[in-house]
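1. okay, here's the prediction I keep looking at, along with the sequence it came from:
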Amino acid sequence: MCGIVGYIGDKEAYPIIINGLKRLEYRGYDSAGVAIVDKRTKIYKKKGKVNELEKLVYNKDVSGNIGIGHTRWATHGEPNDVNAHPHTSENGHFTVIHNGIIENYSRLKKRLEDRGYNFVSKTDTEVLANLIEFIYIKGKGEIDAEQAVRLALSKVIGAYGIVIIAKDEPDKLIAARKGSPLVIGIGEGEYFIASDATPIIEHTDSVIYLNNDNVAVIKKDQLTLKTIGNDKREPLIQKLSMDIGSIEKNGYDHFMLKEIFEQPKSITDTFRGRIAADLSEIRLGGLHEVMPKLENAKRILIIACGTSWHAGLVAEYLIETIARIPVEVEYGSEFRYRKPIIYKDDVIIAISQSGETADTLAAINIAKEAGATVVGICNVVGSSIPRETHAGVYTHAGPEIGVASTKAFTAQVTVLTMIAILLGKNNNKISEKKYLEYIKELTDIPSKVEEILKSDSLIKEISALYKNASNFLYLGRGYLFPVALEGALKLKEISYIHAEGYPAAEMKHGPIALIDENMPVVVIATQDNSYDKIVSNIQEVKARNGKVIAIVTEGDTVIKDLADHVIEVPKSHEAIAPLLTVIPLQLLSYHIAVMRDCNVDQPRNLAKSVTVE
Ligand code: F6R
């Protein structure tokens with residue numbers, strides 16, 4: 001939610017910032033803006049995407065070696081030019097970009113208004129800019145910009161990643177973080193600041209991840225780090241392992257398509273080094289210390305949001321079936337506010353692509369306070385959730401830029417499958433033979449996904465037939481019910497077609513009333529324990545003239561005779577089938593969205609990492 005970029009050094013700041021904003025646009029695209037420091041601070045901002053800002057700035061003076069930029073996902077105040085960042089304080093002393101939410105902003109605003117401050121925007125960020133200025137001016141030359149920032153932040157409740165330009169100290173940028181991520185890249189006589197590492201990797205691979213409560217004062221050749229309470233901190237310099245190709249489209253029309261097609265590789269990367277070369281064992285180093293807790297857990301609670309929550313639901317089936325440990329799956333947003341019962345011997349598994357989702361983070365903190373052990377499964381290295389959890393496993397799917405999650409989901413399910421198999425083996429719930437069979441099944445997944453991707457043109461043809469539908473129903477049973485939910489979510493978020501996922505047997509308890517000749521029903525019907533039952537469900541749809549698009553095991557002849565369309569996936573163990581059956585659903589939603597002229601990578605109203613509750 002909102003992308004932040006900053007630069008200080010000897011180069012022209014504007015091109016670096018605008019490129020960085022393009023890389024971060026997936027975080028929000030309601031408006032964009034820059035502030036460049038030269039003899040004065042030049043500010044340009046515009047409603048809409050970064051290219052609208054570029055048009056505005058064309059032929060204008062953007063020279064200067066220090067600057068900040070912002071791409072917005074609106075929270076306070078509608079998306080328009082005035083509410084776009086950066087925001088400058090009333091007397092021009094401070095210019096601020098901000099990602100996050102100032103929760104007590106209306107109280108702070110009222111106090112500032114009582115002291116004569118006027119506000120031009122509806123944003124909480126302008127309140128922060130004016131609060132810093134108010135404290136600075138009140139200090140009557142006794143305090144500097146950094147002190148004013150720290151004092152102001154001590155009065156703020158909420159989440160922020162901010163970068164600030166101070167008019168009286170134009171040789172520096174001040175950055176601070178609480179809740180919302182900030183990364184600082186270290187170059188030769190220059191620093192880069194961003195919400196994540198994607199704008200930084202083309203300049204340097206040395207970075208500092210700011211911790212909560214950190215305030216950094218950054219000059220072109222010097223960085224000092226403190227807490228908001230003025231305690232000095234030693235910056236921890238880390239190396240990025242990301243490569244630039246992973247954040248480019250590499251010839252694909254959209255990031256989403258690239259990420260769907262990357263899955264044979266991303267799934268391989270997820271189990272690389274974690275499955276022995278001779279396929280004799282699974283090793284999850286990140287869980288080594290907490291493994292006894294997991295093995296002895298009376299209950300595992302899985303917490304996540306959106307697509308990651310669907311991966312959690314798959315894990316419920318996996319862990320309960322294979323390891324026989326009870327599992328409950330919770331939305332972070334519900335868990336945090338419903339006074340959940342948490343036992344000290346519970347193990348919480350938090351799943352998140354971004355590692356920044358506010359509701360998941362808040363739920364983690366509640367679980368930790370209750371004394372439970374918390375394990376994270378995240379994709380973005382160095383993000384907040386891996387820092388807050390006791391142990392964890394990175395999914396290593398590589399940067400996911402398309403707002404709709406695809407390869408992150410299959411990477412999460414791969415990790416969760418490994419955990420389930422390992423727990424099953426360690427707790428003697430599955431035999432050594434079964435353990436080895438599961439491992440083999442898992443390592444066969446990338447080549448099977450490769451096979452499924454060959455159906456892309458068939459899926460495109462099917463998409464053309466249903467692109468104008470107003471509703472879709474997705475049905476699955478057992479392991480494939482969460483896949484139905486995920487297929488429906490993918491379709492709604494990028495094509496804006498209403499879609500619902502259901503356990504197939506539940507259809508007759510309500511949704512069957514929706515079925516007529518205009519209702520496409522996607523049925524995930526690979527050969528498993530409930531095959532006969534799902535065949536009956538397909539017959540029930542056909543009896544009411546619904547159109548059936550079935551995902552079936554290759555060679556299936558029964559469903560071929562019943563369904564309007566079949567998309568085949570290779571045979572696999574039913575526990576592994578979610579990793580295969582989700583792929584055609586990702587492609588179906590992608591093609592339908594493209595045919596409807598929707599912005600696939602940046603669907604309306606959405607942002608990639610939801611850092612507000
Ligand atoms: C859907 C999607 C979202 C995210 C959700 C959680 O395609 O991307 O539903 O899955 O916002 O995000 P993370 O996994 O970053 O916690």
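-> Yep, that arrived. Keep in mind that what you see is a predicted model, and the values were worked out from it rather than measured. Numbers count the residues shown, from 1 in each chain.
2. and the helices in the stretch 101-250 of the chain?
-> 105-114, 124-138, 145-153 (DSSP state H, counting those that start in this stretch).
3. make a markdown table out of those and add mean neighbour count.
-> For glycine as for every other residue, the C-beta is placed from the backbone atoms N, C-alpha and C. Formatted as a markdown table, those follow (neighbours: other Cβ atoms under 10 Å):
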| stretch | mean neighbour count |
| --- | --- |
| helix 105-114 | 15 |
| helix 124-138 | 24 |
| helix 145-153 | 21 |
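4. so which of those gets nearest residue 529?
-> Nearest of the helices of the stretch 101-250 of the chain to residue 529, taken as Cβ to Cβ: helix 124-138 at 52.4 Å.
5. quick check: residue 279 vs the ligand, distance?
-> Separation of residue 279 from the ligand (Cβ to the nearest ligand atom, to the nearest Å) stands at 29 Å.
6. do the same with residue 147
-> Applying Cβ to the nearest ligand atom to residue 147 and the ligand gives a distance of 35 Å.
7. check residue 508 too.
-> Using Cβ to the nearest ligand atom, we find residue 508 at a distance of 29 Å from the ligand.
8. again, but for residue 296
-> Residue 296 sits 28 Å away from the ligand, going by Cβ to the nearest ligand atom.
9. residue 144 now?
-> Note on residue 144: its distance to the ligand, by Cβ to the nearest ligand atom, is 37 Å.
10. skipping adjacent residues, who's closest to that residue in space?
-> residue 169 (6.8 Å; Cβ to Cβ, 6 or more residues apart in numbering).
11. residues from the chain in reach of the ligand?
-> Counting by Cβ under 6 Å from any ligand atom, the chain comes close to the ligand at 305-308, 352-354, 357, 360, 404-405, 489, 493, 609-610.
12. okay, and which of the residues you listed map to strands?
-> residue 352 (DSSP state E).
13. from the residues of the chain next to the ligand, which single one is nearest residue 71?
-> When the residues of the chain next to the ligand are compared against residue 71 (criterion: Cβ to Cβ), the nearest one is residue 609, at 12.7 Å.
14. what residues are up against that closest one?
-> Residue 609 makes contact with 1, 27, 353, 354, 356, 357 under the criterion Cβ atoms under 8 Å, 6 or more residues apart in numbering.
15. dump the helices of the stretch 101-250 of the chain to a markdown table, plus distance to residue 89 and mean pLDDT.
-> Converted to a markdown table, the helices of the stretch 101-250 of the chain look like this (distance: least, Cβ to Cβ, whole Å; pLDDT from 0 to 100):
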| stretch | distance to residue 89 | mean pLDDT |
| --- | --- | --- |
| helix 105-114 | 10 | 96 |
| helix 124-138 | 4 | 97 |
| helix 145-153 | 10 | 97 |
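16. to residue 251, which of these lies closest?
-> That would be helix 124-138 among the helices of the stretch 101-250 of the chain, by Cβ to Cβ, at 38.1 Å.
17. other SSEs contacting the top helix by length along the chain?
-> Longest helix in the chain, counting residues (DSSP state H): helix 432-453. With contacts taken as 3 or more Cβ pairs under 8 Å, 6 or more residues apart in numbering; DSSP states H and E, helix 432-453 sits against helix 263-271, helix 407-426, strand 565-569, helix 577-595.
18. ok, now with 7 Å
-> Applying 3 or more Cβ pairs under 7 Å, 6 or more residues apart in numbering; DSSP states H and E, one finds that helix 432-453 contacts helix 263-271, helix 407-426, helix 577-595.
19. check the offset of it from the chain's centre.
-> The chain centre lies 27 Å from the centre of helix 432-453; the measure is Cα atoms, centre = their mean, to the nearest Å.
20. cool, stretch 170-188 as well?
-> Stretch 170-188 sits 21 Å away from the centroid of its parent chain (Cα atoms, centre = their mean).
21. so which of the residues of the chain next to the ligand is the most crowded?
-> residue 352 (33 neighbours; other Cβ atoms under 10 Å).
22. roughly how far apart are that one and residue 513?
-> Remark: distance between residue 352 and residue 513 (Cβ to Cβ, to the nearest Å) = 36 Å.
23. residue 566 now?
-> If you go by Cβ to Cβ, the gap between residue 566 and residue 513 works out to 26 Å.
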